[in-house]
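> would you be able to build a 3D model of this:
(one chain, ligands or ions: 1)
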Amino acid sequence: EASYETITAEVVESKSVGLLMLNRPQVLNALSEVCMREVVAALKGFDALPEVGAIVISGKGKAFAAGVDIKELKNKTMVDLFVNPVLDQWNQVSRIRKPLIAAVNGYALGGGCELAMMCDIILVGEKAVFGQPEIKIGTIPGMGGTQRLIREVGKSRAMEMILTGERFMDAKEACQRGLASRLIEGTNEELVAEAVAMAKNISGMSRPAVIMAKAAVNAAYESHLEEGVKREQAFFGATFGLEDRSEGMAAFIEKRKPNFQNK
Ligand code: HXC
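Below is the predicted model:
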């Protein structure tokens, strides 16, 4: 297990789940460049581990992440961003093939909100707060926020958040609008435990089927309908090449639990 400066990363639940905690609580888990590199490295590590079937991302302390580290961002020039586009690194999060579950209980602002939205499922605790305050510091979201928030919460609410930098979204509203899938009452630990349980459940499914399902859903998310449906049908057809598919269907008919080989 690699040791990191700004995150913790471990495999839990008999190695079936990767658990990544942002760990700079003193600055509300502000996403520094080191942190970015460590998150990407840890996620790629989990993606490559055959035993890991799904990954949970959360934050230590009272925030998920209050954005990209403004102290580092402050000294960047336009030239820096074009010539050495360090922030591009974050795009790699959306290229992880295994499911990512964000457990958000506290501030998910700016890049923190964008990181949560790069995950496949968001679970929230009662104290979750989402916002895109970049406009208040003279910039705009730069890690996919303008593209993803509108898909999640609609144009008017997304514009309001992005143009005013205010009117943050709480846990209840995030669930109502579909940004988050579920509110888990209780402590941070209970929220993370629920996310880990969900990840473990997903990890028990046929691994190739899970990867195809995520890629097919993302096709709808990333492209237009016709192309997405075509991709879904291609993946659907591909599952018929899996023994897991015949086993899963046979198990249903025989009223027993499936014994998937590829997990
Ligand atoms: C660096 C940060 C930080 C950030 C908080 N801190 N957010 N440091 N970058 N994004 C630090 C504070 O400086 C402070 O450090 C400590 O964390 C605690 O924060 P406080 O402000 O004292 O806490 P509180 O009063 O509770 O207010 C919480 C808050 C506020 C409302 C979340 O911290 C805040 O507005 N943060 C910035 C939110 C933001 O603008 N995010 C977008 C960033 S731009 P000290 O040392 O003073 O104790 C972005 C760009 C994305 O994300 C696109 C990039 C391509």
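> can we go C-alpha only for contacts and neighbour counts from here?
OK.
> get me the contact residues on the stretch 51-200 of the chain for the ligand.
66-71, 87, 109-111, 133-134, 141-143 (CA under 6 Å from any ligand atom).
> ok, now with 8 Å
Taking CA under 8 Å from any ligand atom as the criterion, the neighbours of the ligand within the stretch 51-200 of the chain are 63, 65-73, 87-88, 107, 109-112, 114, 132-134, 136-137, 139-143.
> mind listing which of the residues you listed are in strands?
Judged by DSSP state E, these include 63, 65, 107, 109 as members of strands.
> ok, so of the residues you listed, who is nearest the ligand?
For these, the minimum distance to the ligand (CA to the nearest ligand atom) is 5.2 Å, reached by residue 109.
> hey, what's that closest one bridged with?
Beta-bridge pairing of residue 109 under DSSP bridges involves residue 131.
> pLDDT weak spots in the stretch 1-150 of the chain?
For the stretch 1-150 of the chain, the stretches flagged by pLDDT under 70 are 1.
> need the strands for it, in chain order.
Secondary structure of the stretch 1-150 of the chain, counting by DSSP state E, counting those that start in this stretch: strands at 7-12, 17-22, 54-59, 63-65, 100-104, 107-109, 121-124, 129-131.
> tell me the helices and strands packed up against the last one.
Helices and strands in packing contact with strand 129-131 are listed as strand 107-109, strand 169-170; criterion 3 or more CA pairs under 8 Å, 6 or more residues apart in numbering; DSSP states H and E.
> quick one on the thing from earlier: which one (most neighbours) among the ones in strands among the residues of the stretch 51-200 of the chain next to the ligand?
When neighbours are taken as other CA atoms under 10 Å, the top entry among those is residue 65 (34 neighbours).
> give me the spatial nearest neighbour of the residue minimising distance to the centre of the chain, chain neighbours excluded.
Nearest to the mean C-alpha position of the chain, by CA atoms, centre = their mean, lies residue 119 at 1.6 Å. Distances taken as CA to CA, 6 or more residues apart in numbering place residue 100 nearest to residue 119, at 4.9 Å, with adjacent residues excluded.
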